[in-house]
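> Next one to model:
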Amino acid sequence: MVRSALLHPFTGPTETEFIKVVGGQGSTIVDDKGNEYIDGMASLWYMNIGHGRQEMVDAIVTQAAKIASYHTFAPFSNEPAERLADKIAELSPFKRPRVFFGSSGSEAIDSVMKIARIAQREAGHPERQLIISREHGYHGTNFGGTSAQGIPINQEGFGPLVGDVVQAPASNVESIAQIFEKNPGRVAAVLTEPLQGAGGVFPPPEGYLEALRQLCDANGAYLIFDEVICGFGRMGEWFSAQYYGVTPDLITFAKAVTSGYMPLGGVIVGDGPREALETNDGFIFKHGYTYSGHPLATAAGLEAIAIQEREGLLARAVQIGKRFAPALSSLASDGLVVDVRGAVGVWGIELESAEAVLTVRAKMLDAGVIIRPMGSSLAICPPLVIKDDEIDRIIDTLASALA
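You can find the predicted model right below:
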């Protein structure tokens, strides 16, 4: 078979067999052979409002007819970027945050690491440079995020990574406390996904996030929540900070902010680091991207949020969780899976091996259902518009593949 020039991410460069997606509606996609699939992963954790939304097309086209693109470096700005920043600030758990835009979750992670360090400097603590992350954490694939990865296989072969970034065991608060003790006055921030996603879907142990908050407060460090997967309704709240009842200092976002209709990500800068950045009138924030605050992307974000609000999709996420939880637990009770983990709109199923995962994924694809393999785990993270009968089909297909 003739190989395309396209170099696919997280794929063997010699791979030639691909499912070519040509269409989609709601929770289903269609390939070039006419096969339909239930999209049990919302593409890659982000298609909350479903495929084929004409409202999104209209919002993007309307903005393109006005001004399709212009940068937001001083002295320029644009209306959709400012409106979306205000909307995200309103939905966030902070009082008066600022919102920085990029084009992806990976850019958001590199940005938040730089913001944490520069805000510490502007607050009078230039010695605070160390960033602590967690085992199993997935923080994108730019150099900062690769350095903060808690998935070592994703770091292999890329040479020296960013310095002053260390990982701690996933759920051991004491190990993080020990890093603070060994590095007195040097920690800039602790970076964590509230619910770890791509590393295997690991919800936080009870009290864990609260303990991180206390550690950061006691040591003058910022707490960063990576909400690239969990943000914008996946947990039945706009942010999982609200779901878990723990307020960080900075939040990264991407994916569902536009439901993937346009590339967009960013950082919500909470009150502490915001005040640090605003203290010195002569300070220049020397960070940004060509497409920061892109008019089409931010117009798409405004419409995607409006759709979620109009259709009550945050409440729907809760109902999705209530339908998945008992059904998946029954698979564990029947001995078909090793473990079930997750909450609300994101779930992970542990099998006995990575080989078993790939076998089950292949059987489900053949049956027209998409889930995602992650080592020895399978992930399910459907669009929030998914129907009950589509949820049941995912579960029935999974049970059949396991059997």
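> does residue 401 really touch residue 363, like I thought?
Yes - the pair residue 401 / residue 363 is scored as a contact, 3.9 Å apart, by C-beta atoms under 8 Å. All C-beta atoms are positioned from the backbone trio N, CA, C, and that covers glycine.
> Between the two, which is the more surrounded one?
residue 401 (21 against 15; other C-beta atoms under 10 Å).
> Which helix or strand contains the more buried one?
helix 388-402 (DSSP states H and E).
> That helix - what's its average pLDDT?
Mean pLDDT, computed over helix 388-402, is 97.
> which helices and strands sit right next to that helix?
strand 36-39, helix 313-333, helix 354-366, strand 369-370 (3 or more C-beta pairs under 8 Å, 6 or more residues apart in numbering; DSSP states H and E).
> What pLDDT does the model give the nearest residue to residue 67 once chain neighbours are set aside?
With C-beta to C-beta, 6 or more residues apart in numbering as the criterion, residue 67 has its nearest non-adjacent residue at 5.6 Å, and that residue is residue 295. At residue 295, the model reports a pLDDT of 98.
> same deal with residue 102?
The model's pLDDT for residue 102 equals 98.
> What's the separation between it and residue 294?
9 Å (C-beta to C-beta, to the nearest Å).
> Residue 110 now?
Remark: distance between residue 110 and residue 294 (C-beta to C-beta) = 17 Å.
> Return the set of buried residues in stretch 17-25.
residue 24 (16 or more other C-beta atoms under 10 Å).
> Distance from the chain centre to it, please.
23 Å (C-alpha atoms, centre = their mean, to the nearest Å).
> as a whole number, average confidence for that stretch?
pLDDT averaged over stretch 17-25 gives 97.
> and if you look at stretch 54-68?
Rounded mean pLDDT across stretch 54-68 is 98.
> Next, the buried residues of it.
56, 59-60, 63.
> Stretch 313-328 too?
For stretch 313-328, by 16+ other C-beta under 10 Å, it's 313-314, 316-317, 319-321, 324, 327-328.
> what's the answer for stretch 257-271, then?
257-270.
> Mind jotting down where the strands sit in the stretch 201-350 of the chain?
With strands called from DSSP state E, counting those that start in this stretch, the stretch 201-350 of the chain shows them at 222-226, 250-253, 265-269, 339-343, 346-350.
> Then the stretch 51-200 of the chain?
With strands called from DSSP E, counting those that start in this stretch, the stretch 51-200 of the chain shows them at 98-102, 130-134, 165-168, 187-192.
> okay, among the buried residues of stretch 257-271, which ones form the most distant pair?
261 and 270 (27.2 Å; C-beta to C-beta).
> leaving aside the residues next to it on the chain, what's closest to residue 256?
residue 232 (3.9 Å).
> and the one you found, what is it in contact with?
48, 238-239, 253, 255-257, 304-305, 308 (C-beta atoms under 8 Å, 6 or more residues apart in numbering).
> Okay, and which of the residues you listed map to helices?
304-305, 308 (DSSP state H).
> now those residues: which count as buried?
304-305, 308.
> Need those residues in TSV (columns: distance to residue 377 and pLDDT).
Converted to TSV, those look like this (distance: C-beta to C-beta, whole Å; pLDDT from 0 to 100):
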residue	distance to residue 377	pLDDT
304	28	98
305	30	98
308	27	98
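> Which element, helix or strand, includes residue 44?
In this structure, residue 44 is located in helix 42-45 according to DSSP H and E.
> so what are the domain limits for this structure?
Following automatic domain parsing, one finds the domains of the chain at 21-52+312-402, 57-310.
> Residue 2 is nearest to which of those domains?
The nearest among the domains of the chain, by C-beta to C-beta, is domain 21-52+312-402 at 15.2 Å.
> Start and end of the closest one, how far apart?
End-to-end distance for domain 21-52+312-402: 26 Å, by C-alpha to C-alpha, to the nearest Å.
> can you redo the strands of the stretch 201-350 of the chain as CSV with mean pLDDT and distance to residue 70?
Formatted as CSV, those follow (pLDDT from 0 to 100; distance: least, C-beta to C-beta, whole Å):
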stretch, mean pLDDT, distance to residue 70
strand 222-226, 98, 29
strand 250-253, 98, 23
strand 265-269, 98, 18
strand 339-343, 96, 40
strand 346-350, 97, 36
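> Compare these and give me the one nearest residue 40.
Of all the strands of the stretch 201-350 of the chain, strand 346-350 comes closest under C-beta to C-beta, at 9.7 Å.
> how far away is residue 362 from residue 251?
37 Å.
> more neighbours, the two?
Using other C-beta under 10 Å, the more surrounded residue of residue 362 and residue 251 is residue 251, with 31 against 12.
> I'd say the more buried one and residue 91 touch.
No - using C-beta under 8 Å, residue 251 makes no contact with residue 91, being 10.6 Å away.
> Give me the common contacts of the two.
With C-beta under 8 Å, 6+ apart as the test, residue 251 and residue 91 both reach residue 239.
> quick one: which of the strands of the stretch 51-200 of the chain is nearest residue 146?
Across the strands of the stretch 51-200 of the chain (criterion: C-beta to C-beta), the nearest stretch is strand 165-168, sitting at 9.6 Å.
> Can you spell out which helices and strands pack onto the closest one?
Strand 165-168 packs on strand 130-134, helix 143-148, helix 173-182, going by 3+ C-beta pairs under 8 Å, 6+ apart.
> Throw these into a markdown table and include mean neighbour count and distance to residue 192, thanks.
Shown next, in a markdown table, are the helices and strands packed on strand 165-168 (neighbours: other C-beta atoms under 10 Å; distance: least, C-beta to C-beta, whole Å):
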| stretch | mean neighbour count | distance to residue 192 |
| --- | --- | --- |
| strand 130-134 | 25 | 5 |
| helix 143-148 | 24 | 10 |
| helix 173-182 | 15 | 9 |
